[in-house]
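Chemist: Please find the sequence and the predicted model below.
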Amino acid sequence: MKNLVIIPTFNEIENIPLILKEIFNLNMNLDVLVVDDNSPDKTYQKVEQLKQKYPNLFLILNNKKSGIGKAYLKGFNFAIKNNYSKVIQIDADMSHNPYDIKKLLSESNDYDLVIGSRYIDGIRIINWPLSRLALSYFANLYAKLITGLSIYDCTGGFKCFDIKILKSIDLKKINSQGYSFQIEMNYRSYVKNFKIKEIPIIFTDRTIGKSKMSKKIIFEAIFIVPLLRIKKIFNFLK
């Protein structure tokens, strides 16, 4: 069975050719799905052009900006519908090294969810200012303490799901975005007793384009995390 890489995009016209080249140069027979949030810079048009070069490249274009969580959910449903075996999440901005996809897939032979972790062997982040690093570190600590997750990097976006996880979760009930989307998917996998593994990766801050981090994403995570815990206590997580 084939594996799918999902890349959500919003204004990544300069980065998308770079990451697609790196992924397809792995020669791992991967399909890649770009889910674009109707980028003002026309990222989706660049992807359409690149589809001529890469037959295994697919595109979903949203008619409005919906956020990273909704983008991944569309990708997950695409993966389920098309019978993929493993589903890899990766950022479009080259913060994650596409070569590490090999490591994720290798570990996925023994684990249901493999997370590329920035924190499991110390802090492995390059070029973040101290303020951003502190925000990320304490957000992960907060999520870990509240939920009980035995994961160091709860908010990381580089991971590999076995398709059986995505089939087991009621994706229609997930509304969170950003940090909280990553936490929620990890937590729902944990609650369903899937085997989770973190492997160390190096995260390098983007050099092209702007970060999508916002106050809205931060505040959402603050409220979503305890809500997930409450839902588990009352057996509302499906």
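Modeler: Structure's in. What do you need?

Chemist: And the helices in this structure, which stretches?
Modeler: With DSSP state H as the criterion, the chain has helices at 16-24, 43-50, 68-81, 101-107, 130-147, 163-168, 178-191, 215-233.

Chemist: For D121, which of those helices is the nearest?
Modeler: Smallest distance to D121 across the helices of the chain (Cβ to Cβ): 13.3 Å, for helix 101-107. For glycine as for every other residue, the C-beta is placed from the backbone atoms N, C-alpha and C.

Chemist: Does the closest one pack against any helices or strands, and if so which?
Modeler: strand 86-89, strand 113-117, strand 159-162, strand 196-200 (3 or more Cβ pairs under 8 Å, 6 or more residues apart in numbering; DSSP states H and E).

Chemist: Buried residues, that helix. List them.
Modeler: 101, 103-105, 107 (16 or more other Cβ atoms under 10 Å).

Chemist: Over to stretch 162-173?
Modeler: Buried residues in stretch 162-173, counting neighbours by 16+ other Cβ under 10 Å, are found at 162-163, 165-166, 169, 171.

Chemist: Turn those into a markdown table, including pLDDT and distance to K231.
Modeler: As requested, the buried residues of stretch 162-173 are exported to a markdown table (pLDDT from 0 to 100; distance: Cβ to Cβ, whole Å):
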| residue | pLDDT | distance to K231 |
| --- | --- | --- |
| D162 | 99 | 23 |
| I163 | 99 | 24 |
| I165 | 99 | 18 |
| L166 | 99 | 19 |
| I169 | 97 | 13 |
| L171 | 96 | 15 |
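
Chemist: still on that earlier bit, most packed of the helices of the chain?
Modeler: Highest mean neighbour count among the helices of the chain (mean count of other Cβ atoms under 10 Å): helix 178-191, with a mean of 24.

Chemist: Need the residues that contact that one.
Modeler: Helix 178-191 has contacts (Cβ atoms under 8 Å, 6 or more residues apart in numbering) with 67-69, 72, 112-113, 115, 139, 143, 147, 149, 151, 154-157, 159, 161, 165, 169, 174, 176, 196, 212-214, 217-218, 220-221, 224-225, 228, 232, 237.

Chemist: can you tell which of the helices of the chain is closest to D31?
Modeler: Of all these, helix 68-81 sits nearest to D31, with 9.1 Å by Cβ to Cβ.

Chemist: who touches that closest one?
Modeler: Taking contacts as Cβ under 8 Å, 6+ apart, the residues outside helix 68-81 that touch it are 4, 6, 8-9, 33, 35, 37, 58, 60, 62, 87, 89, 157, 161, 163, 166-167, 171, 174-178, 180-181, 185, 212.
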